[in-house]
Every structure is written in C-alpha cells, then in structure tokens.
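Undergrad: what's the 3D shape of this:
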Amino acid sequence: MSEPGDEDGRALPALKTEIPGPESVALIDVLARHESPGVTARRGRANEARGLDRDPIVWERSRGSNVWDADGNRYLDLTSGFGVALIGHGHPRVVETVHQQSELLMHAMGDVYPNPPRIRLMERLAERAAGDLSQCILTSGGAEAVEAALKTAALSSGRPGVLAFEGSYHGLSYGALAVSHYKESFRAPFMGQLGPHVIHRPYGEDLTRLEALLAGPEAHEPAIGAILVEPILGRGGQVSPPAGWLTGLRSLADRHGAVLIFDEIYTGLGRCGDWWGGDAEGVVPDVVCVGKALGGGMPISAAIARPQIMAAWGQSQGEAIHTSTFLGHPVTSAAALAALDVLEEMDAPKRARAIEAQVRERFRDRVRGRGAMLGVETGSPGLAARLTGRLLSEGILVLPGGVDGDIVGLTPPLVITDEQLDWGLGAIDRAIEAERG
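TA: Numbering: from 1, shown residues only. A predicted model of the protein is given here:
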C-alpha cells in the first residue's frame, strides 16, 4: 500500500532495483538500434567502439518533484527536467487544460489562422513581461526563440554582428549554436557553417573593453547590432554577473544603437527569485526570450520585444518571412496560460527565494546563482559528472554544470517540500565529501 505522499510528488526516493533496472536496460537496447548514436549517452553495445559504463534510466511517469523509471524506482528531481517543471511535473491544472483544449482544437495553422489560446497567451505575456515588452513571436523551443530574437535584432539594427559571451548556452540549432560558447565540442564540427558574425567575450568583462567592440578603431566587423546575454549563466555554471553589469550593457546598447537581448529561457518566470533576471537591477532589455517553464511541461517558447523593435519585421502581406507549422499551437498555448496562472498564484519568485535560503544555509559560500537557479561548487574539475552518477544510484537527479564540470546544478521544482530539499542537499553534501576522499 502506498504511504501518504508516495504518489503526489512529495515523497523521498525509493529504489526497488539496481540502477538502471532491467526494464530500463531492455528499453535502451531498443533505443540503441534505432536512435542516432549522437543523442542519448549510453553503454556501448556490440560493434560500438565506445560508450559509458552504464545506461541511463528510462523515465516512465512523473508528478510534483518525483520521477518514476520503467522499473518503478522513484527519484527526487532536483533538475526540474532541464528547468521545465518549475511548477512541478504533471501539474493537475496543466494536465486538465491540455485535455480540454485537445478535445476542442488540437491544431491550427501557424501564421495563417490564429486561435484563441494563442491570442490570449500573447496578451498575457505582454502583461507579465518587464517594461514595455509587448509584442512577441511564439515558438516551440528555446533555440527557436533565440533565433527569432536574433532575426528581430538584425532587422531592427540593420547590423548583422552579435556580441555574445563565453560560457553561454543558447541552443544547438545553427543560429543558436553560433552564439553559444558553453562547450567547444558542440561547435567544432560545424564551424565552417557558423560564419564570422559573432564575437564572444568573457562573461562580466569590463564594459570599457566591450564598448571598444561597438565603436572606434577596434570595432568588430561585421558591425554589432545585437548584444545577447543570459542574466545568469545556466549551463555555464549558474554564474551571476558583477553588480551593475547588466545596467552597463543596457547603457552600452543605448549609446550605440544595438538591440539588447536577454535569454531568460532558464531564469525567467520567477526561477531566479524575481520574475525576470534583469529585475534585480531594474534593467529591461529590447527583446527577452522565454521558454522551458512557460508551458508547464509542454513545448512552447517566445521572443517578446518592444513594439518599435518588432516593427522592423513590417506588416505581413500573406507570406510571413519567419513562421513555423506549430507557431502558437492551441494546446501548448493553453498549457502556458494555465502554467502562468499557477506561477502567479504561488508567487513563484517568493518561493524561489525561500529555496535559495535553504540551500545557502547548508552550503553557504559554495553556492552560485540566485533563487531556484543555483549551483554548488565542488572545488574539483570534472567532479560534478561523477557525482551525478553517484547520486542517481541514491535516487537523486542532478545535472553537472560549469565550463570545468565542477558545479552541481540545483534547479528544483518550486513545489519541492522543505523535507525533500533538505534530504537531497544532505545527500549531495555527503557525496561530495565521499568523492573527495
């Protein structure tokens, strides 16, 4: 018989088999035959030269802060599934909304025939976004939102160059890959197709040095028309910028007519302890990219801009020059509306700050980031990846981070209980000490 909390997402881990269990391994056997070998990291099979020392688990269901694998093992998820499950996995409001909308209208026609959830979502995003950001392009994934923002900036500024930052991650499609810098291995095979329009500088670099790239004898060619930045580095290790740096970027963009883009796909919608990463300094970008948590588990994202910036696209004459089949999908748009309701009702920034306080109480000066977008420093390059495997065997899901692989990322669902979080933090602390010997 299940104990209270066992099925509602508020339980501690409970393992029934070795990790991974036999059902997960059997399913990975099938996956290995049919999926590109470059996608899911797994143990090598016959005729494969290399692989990991074991297979991943296969997720079967989830709720709240818990995930169950194909063998019935229950895990505590401190990743929110790459930050997506900010309101928890399988939130009942989102599930019910998806069911109702699916019965009413499963699919519409992108830019040709709008649908009510799409229209209401754009109105809602304009209300929630900072400052006067009030016009948007809806997309399906984070990389698409970044590419929509980059196109918008190029049209508005008339300049193709982009200033981006080292350690950044904006996605792996071609446009997003060009501005990403997190791992050279992501970019190296495709460098011949990425072009010379992007320059990467150290995150938090002195503003005087950055200004020289936009004007004067050292100005970058092609001329920079966009500055793209994560208000807190995500995969780069939950790094917060120096105080006042985002404000300085805003001034820099204003002086030189560049479009300032904030990639808030991870930080946005309350995760960082404010509704937006720029709120701590009162900085409003020209374009903000939002995704991950927006759909409550459904794939939807957006680039939201000031009207005068978005106006550079001109009025569509019947053939939109940027669109997609699933633009403003009615089901995912409805899910996003439900997720926004939940985030506002729970006061997401307040809950994120409470999570931060609990994490800092245990790890103190070893904590990076803000709100519920945190990282714990291990003090040893590469250690975080080993800890990920060790903690998985204890029923805890975390992700390694940082350019040097020395950060254990903590981006839990906001619905995580204090007991769950304390249990998980204790396990991480013990695992770090054990690995250090």
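Undergrad: alpha carbons only for contacts and neighbour counts from here, please
TA: Fine.
Undergrad: Where does the residue nearest in space to the middle of the chain sit, in terms of helix or strand?
TA: Geometric centre of the chain, nearest residue: residue 266, 3.4 Å, by CA atoms, centre = their mean. Per DSSP states H and E: residue 266 is located in neither a helix nor a strand.
Undergrad: and what of the one 3 residues further on?
TA: In this structure, residue 269 is located outside every helix and strand according to DSSP H and E.
Undergrad: could you pull out the helices for the stretch 101-250 of the chain?
TA: Using DSSP state H, counting those that start in this stretch, the helices found in the stretch 101-250 of the chain span residues 116-128, 142-157, 174-179, 184-187, 207-214, 245-256.
Undergrad: ok, and which of these has the densest surroundings?
TA: helix 142-157 (a mean of 24; mean count of other CA atoms under 10 Å).
Undergrad: now that helix, how far from the centre of its chain.
TA: Relative to the centre of its chain, helix 142-157 is centred 17 Å away, using CA atoms, centre = their mean, to the nearest Å.
Undergrad: Contacts for it next, please.
TA: The contact list for helix 142-157 (CA atoms under 8 Å, 6 or more residues apart in numbering) reads 137-139, 160, 170-173, 175-176, 225-226, 257-259, 261, 263, 265, 287-292, 301-303, 309-313, 322.
Undergrad: Report the buried members of the residues you listed.
TA: Buried residues within the contacts of helix 142-157, counting neighbours by 16 or more other CA atoms under 10 Å: 137-139, 160, 170-172, 175-176, 225-226, 257-259, 261, 263, 265, 287-292, 301-303, 309-310, 312.
Undergrad: Among the residues you listed, name the ones in strands.
TA: Among the buried ones among the contacts of helix 142-157, DSSP state E puts 137-139, 225-226, 259, 261, 263, 287-290, 301-303 in strands.
Undergrad: Pipe the helices of the stretch 101-250 of the chain into TSV and attach mean pLDDT and distance to residue 238 per row.
TA: Formatted as TSV, those follow (pLDDT from 0 to 100; distance: least, CA to CA, whole Å):
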stretch	mean pLDDT	distance to residue 238
helix 116-128	98	24
helix 142-157	98	18
helix 174-179	96	18
helix 184-187	91	19
helix 207-214	95	21
helix 245-256	98	16
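Undergrad: Compare the ones you listed and give me the one nearest residue 271.
TA: helix 116-128 (14.2 Å; CA to CA).
Undergrad: give me the number of residues near residue 429?
TA: Other residues within reach of residue 429, judged by other CA atoms under 10 Å, total 14.
Undergrad: buried set for the helix or strand containing it?
TA: According to DSSP H and E, residue 429 maps onto helix 418-436. In terms of neighbour count (16+ other CA under 10 Å), helix 418-436 has its buried residues at 420-421, 424-425, 427-428, 431-432.
Undergrad: Then stretch 380-398?
TA: By 16+ other CA under 10 Å, the buried positions in stretch 380-398 come out as 382-385, 387-398.
Undergrad: Would you mind listing the two of the residues you listed that lie farthest apart?
TA: Maximum pairwise distance in the buried residues of stretch 380-398, criterion CA to CA, is 20.9 Å, between 382 and 395.
Undergrad: Local confidence estimate at residue 5?
TA: With respect to pLDDT, residue 5 has a value of 56.
Undergrad: cool, residue 53 as well?
TA: Note on residue 53: pLDDT of 82.
Undergrad: could you list every residue that touches it?
TA: Contact analysis of residue 53 by CA under 8 Å, 6+ apart lists 42-44.
Undergrad: export these to TSV and tack on secondary structure, pLDDT and distance to residue 196?
TA: Listed next are these as TSV, based on DSSP: H, G, I helix; E, B strand; the rest coil; pLDDT from 0 to 100; distance: CA to CA, whole Å:
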residue	secondary structure	pLDDT	distance to residue 196
42	coil	90	35
43	strand	87	37
44	coil	81	37
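Undergrad: Just among those, which is most surrounded?
TA: Of all the contacts of residue 53, the most densely surrounded is residue 42 (21 neighbours; neighbours counted as other CA under 10 Å).
Undergrad: Next, the contact list for that one, please.
TA: Residue 42 makes contacts with 28, 51-56, as judged by CA under 8 Å, 6+ apart.
Undergrad: Could you dump the residues you listed into TSV with secondary structure and distance to residue 275 added?
TA: Listed next are the contacts of residue 42 as TSV, based on DSSP: H, G, I helix; E, B strand; the rest coil; distance: CA to CA, whole Å:
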residue	secondary structure	distance to residue 275
28	helix	39
51	coil	41
52	strand	39
53	coil	41
54	coil	39
55	coil	37
56	coil	34
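Undergrad: For PyMOL, write the selection for the buried entries among those residues.
TA: In PyMOL, this line selects whichever of the contacts of residue 42 come out buried by 16+ other CA under 10 Å:
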select buried, resi 28+55+56
